[in-house]
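K.L.:
When you get a sec, could you give me coordinates for this:
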Amino acid sequence: MIEASVRSGVGVFVNISSETVPGFFFPERPVLPDYAPVDELHPIRPQDPYALSKLFGEELCDAAVRRSDLRCISIRPSHVQHAGNYERNLGAQVRDAGNLSPNLWSYVDSEDLADAIVLAVESNIPGHEVFYIANPDNVGGRDFAEVLREYYGEQIELRELDRVDSSGISSAKAERMLGWKAKRSWRDHLDAEGRAIARETR
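P.N.:
Below you'll find the model as predicted:
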């Protein structure tokens, strides 16, 4: 698809990459993030085929912009949720932060991800840029510094937070360059016990 875009003179190519690219999601030899919140400057050390394939997609974009006028944006979505799977995927984490995940309690709503894709398509950003897309808050809305220390001690460097209930993945670059902001939250779908909020039927 990238090659066809180059040969056809397409203006912008939006590549759906993954938050797994840095390599601490599905490793055979356990590894943690160097620091949190994780951003686009975090070192890339994938072990598994999935993360490697997503990294290769980003590198194909790098190569394409070097040899053509194609502009590329790679989006690394966090754990994507929709109305039908919030309880199944995130309910246990809302109830207990000890239900750990490699992305440090991060997530994104599918509709917010769709908004990011539209902004990427409409952008005029030159070259190839990579953006994490994650909600600004963490699952459960907890004090991020507190839970990071509770479960990881000093193993992960804690960097400056934008908010107390920060996500473990930073989307500051997407907010700054794409103008993206999340409009939805797990709180729209789950109560404080991680149970689905009953919707009124008409």
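K.L.:
Correct me if wrong: residue 106 contacts residue 137.
P.N.:
No - Residue 106 is beyond contact range of residue 137, at 9.2 Å (criterion: Cβ atoms under 8 Å). C-betas here are computed from N, CA, C, even on glycine.
K.L.:
shared neighbours of the two, anything?
P.N.:
residue 167 (Cβ atoms under 8 Å, 6 or more residues apart in numbering).
K.L.:
Which of the two has more residues huddled nearby?
P.N.:
residue 106 (27 against 21; other Cβ atoms under 10 Å).
K.L.:
and that one, how far is that from residue 57?
P.N.:
Shown here: residue 106 relative to residue 57, a distance of 21 Å by Cβ to Cβ, to the nearest Å.
K.L.:
got it, and residue 100?
P.N.:
Distance from residue 100 to residue 57, by Cβ to Cβ: 27 Å.
K.L.:
These two: which is more packed in?
P.N.:
Comparing residue 100 with residue 57 by other Cβ under 10 Å, the one with more neighbours is residue 57, at 18 against 13.
K.L.:
Is it correct that the more buried one falls within a helix?
P.N.:
Yes - with DSSP: H, G, I helix; E, B strand; the rest coil as the criterion, residue 57 is located in a helix.
K.L.:
ok, it - contacts?
P.N.:
15, 17, 74.
K.L.:
So for the residue nearest to the spatial centre of the chain, what's the pLDDT?
P.N.:
The residue lying closest to the centre of the chain (Cα atoms, centre = their mean) is residue 78, at 2.8 Å. Note on residue 78: pLDDT of 97.
K.L.:
can you check residue 200 too?
P.N.:
Looking at residue 200, its pLDDT is 54.
K.L.:
now residue 93
P.N.:
Here the pLDDT value assigned to residue 93 is 97.
K.L.:
So it: helix, strand or coil?
P.N.:
Going by three-state DSSP: residue 93 is helix.
K.L.:
Return the distance of it relative to residue 12.
P.N.:
35 Å.
K.L.:
Sketch out the low-pLDDT regions of this structure for me.
P.N.:
Confidence mapping of the chain against pLDDT under 70 gives the ranges 199-202.
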